[in-house]
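In: predicted model and sequence follow; I will ask about them next.
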Amino acid sequence: MRGAVDVDAVVDLTRELVAVDTQNPPGNEAAVVGVCREALAPFGARFEEFEPAPGRTSLVATVGTGEPGRPTLIVNGHLDVVPVDPAGWTWPPFACERDGNRLYGRGTADMKGGIAAAVVALDTLRRAGREPGCDLVFHLVADEERGGELGTGAMVAAGLLKGDACVVPEPTDLRVCVAERGIVTATVVVHGRPAHAGNPRDGVSAVELAAKVVLALHAAEFEGSHPLLGSPSCNVGEIAGGTGHNTVAERCTLVLDRRVLPGATPASVEKELREKIESVDDPDLRYDLALGVFGEASELDPADPFVARVQRALAAVLGTEQPVVGMTFATDARFVRNEAGIPAVVCGPGAIEQAHVHDEWVSVDRLADATAVFAELYAGFSADA
């Protein structure tokens with residue numbers, strides 16, 4: 001199958017997708033839907049658009065006969081990308097320029113390259129003289145980078161996720177991801193008492209108290225461990241406080257990113273955070289805590305038959321099965337596994353180390369490998385397999 005891949009086609013489609021700026025916020029995924037339609041139209045795709053908010057469009061593209069008893073494989077990929085600071089890049093972030101075996105640009109690894117590989121896999125099957133053993137439904141969605149509530153989450157709520165299994169071509173370097181941590185955001189507002197800067201002990205500095213809270217939370221140890229996901233984590237990613245250098249700070253705000261294990265709930269996460277904060281030994285500490293995004297962790301039993309199907313496709317192209325792993329990051333696979341009850345594997349080209357960084361890139365060879373793997377998976381995902 002690898003020899004049937006049109007490498008230029010997968011490179012060109014990656015470039016076309018990356019060239020459309022879908023930084024989230026604001027997203028504006030509607031701008032790239034036309035590229036997706038044009039790429040899938042030659043395969044007889046039937047299209048439906050889902051737009052829960054203006055410009056936040058997800059595309060559902062169905063390829064297949066819809067015959068009774070024919071299985072359905074979902075391909076879920078997000079069209080939004082994280083914001084770019086062009087000053088930090090040495091390559092134009094939306095030009096998708098090639099240097100040797102690398103394509104540079106925002107979304108090449110996370111995850112427009114994976115979407116391109118999954119789409120061009122249909123052409124690879126044709127070139128190889130083979131057919132999909134299943135119907136395919138491409139869910140090319142909005143808003144994953146900000147929690148997915150306007151994309152896959154909204155589609156689940158609307159009853160649009162229907163299928164027998166799902167592959168999510170996020171960057172795993174073609175390893176087989178069956179588990180991922182959940183993500184929780186929280187805001188902590190620490191309160192002080194203002195005073196003149198010339199007599200700082202006449203007041204209570206919210207900045208000083210917040211510094212103690214940061215030390216109690218950032219990279220702290222939380223209970224629990226998982227064989228594929230390790231331990232939970234906490235990152236204090238934002239801090240802002242005070243009104244001026246000449247006034248003792250009355251307020252300081254922290255924004256946290258918690259990564260949690262399967263079984264965590266909003267109540268359990270809040271309880272753990274409060275315990276850490278209240279371990280700060282300072283009688284002046286007063287604070288408010290509010291949870292924001294809660295994306296629960298998810299996992300698929302490694303013994304699920306779909307995992308074996310993905311491994312067979314990988315072995316057919318790469319010569320060997322690939323490691324089964326867990327990921328510290330969250331994807332839309334959690335909606336598919338937890339809410340729709342559909343087996344989902346995350347497996348795609350690109351490395352997670354390239355996601356969200358300056359000069360993001362994906363290997364052209366890995367794009368071609370992934371295209372062949374997806375083609376093998378489509379061919380082998382049949383009622384008889």
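Out: Arrived safely, thanks for sending. Note that the coordinates shown come from a computational prediction; the quantities given were computed from them, not determined experimentally.
In: I figured Ala61 hits Phe47, correct?
Out: Yes: using CB atoms under 8 Å, Ala61 is in contact with Phe47, at 5.5 Å. Placement of C-beta: from N, CA and C, glycine included.
In: between those two, who's got more neighbours?
Out: Taking other CB atoms under 10 Å, Ala61 and Phe47 do not tie; Ala61 has more neighbours (23 against 14).
In: spit out the contact partners of Val213.
Out: By CB atoms under 8 Å, 6 or more residues apart in numbering, Val213 lies in contact with 188, 190, 254, 277, 280, 285, 287.
In: give the residues shared as contacts by Ala61 and Phe47.
Out: With contacts taken as CB under 8 Å, 6+ apart, Ala61 and Phe47 have 37, 40 as neighbours in common.
In: just say helix, strand or coil for Val236.
Out: strand (DSSP: H, G, I helix; E, B strand; the rest coil).
In: excluding chain neighbours, give the residue nearest to it in space.
Out: Spatial nearest neighbour of Val236, excluding adjacent residues (CB to CB, 6 or more residues apart in numbering): His218 at 4.4 Å.
In: residue contacts, Phe50?
Out: So Phe50 contacts 57-60, 154-155, 158, 160 (CB under 8 Å, 6+ apart).
In: please, where are all the helices along the protein?
Out: Along the chain, the stretches classed as helices by DSSP state H are 7-19, 30-40, 113-127, 152-157, 206-217, 266-277, 305-318, 333-334, 364-380.
In: buried residues, the longest one. List them.
Out: So the one you mean is helix 364-380. 364, 366-380 (16 or more other CB atoms under 10 Å).
In: and what of the first one?
Out: By 16+ other CB under 10 Å, the buried positions in helix 7-19 come out as 9-11, 13-19.
In: about what we covered before: out of the helices of the chain, flag the one nearest Leu73.
Out: helix 364-380 (6.8 Å; CB to CB).
In: just want the angle from the closest one to helix 305-318.
Out: Angle, helix 364-380 to helix 305-318, by axes from the mean of the first three to the mean of the last three CA atoms, to 10 degrees: 130 degrees.
In: next one: helix 364-380 to chain centre, how far?
Out: The chain centroid and the centroid of helix 364-380 are separated by 20 Å under CA atoms, centre = their mean, to the nearest Å.
In: any idea how far Met327 is from Thr172?
Out: To Thr172, Met327 is 7 Å away according to CB to CB, to the nearest Å.
In: anything in contact with each of these two?
Out: With CB under 8 Å, 6+ apart as the test, Met327 and Thr172 both reach 346, 352.
In: those two: who's more crowded?
Out: Thr172 (24 against 21).
In: can you check the pLDDT for that one?
Out: pLDDT, Thr172: 97.
In: for it, give me its contacts.
Out: So Thr172 contacts 325, 327, 346-348, 350, 352 (CB under 8 Å, 6+ apart).
In: got the phi and psi for it?
Out: With angles defined as degrees, to the nearest 10, Thr172 sits at phi -120, psi 10.
In: where does pLDDT dip in the chain?
Out: Within the chain, the stretches with pLDDT under 70 are 384-385.
In: skipping adjacent residues, who's closest to the residue most central in space within it in space?
Out: Centroid check for the chain by CA atoms, centre = their mean gives Thr331 as the closest residue, at 3.6 Å. Sequence neighbours aside, Glu170 is the residue nearest to Thr331 in space, at 5.2 Å (criterion: CB to CB, 6+ apart).
In: contacting residues for that neighbour?
Out: Glu170 neighbours (CB under 8 Å, 6+ apart): 77, 110-111, 114, 177, 331, 333, 346, 348.
In: let's see 10 Å
Out: For Glu170, the contact set (CB atoms under 10 Å, 6 or more residues apart in numbering) comprises 76-78, 109-111, 114, 144, 177, 180, 327, 329, 331-333, 346-350, 352, 355.
In: Gly163 now?
Out: Shown in contact with Gly163 (CB under 10 Å, 6+ apart): 71-76, 134-137, 139, 336, 340, 342-344.
In: could you redo the last one with a cut-off of 6 Å?
Out: Residues near Gly163 by CB atoms under 6 Å, 6 or more residues apart in numbering: 72, 74, 137, 342.
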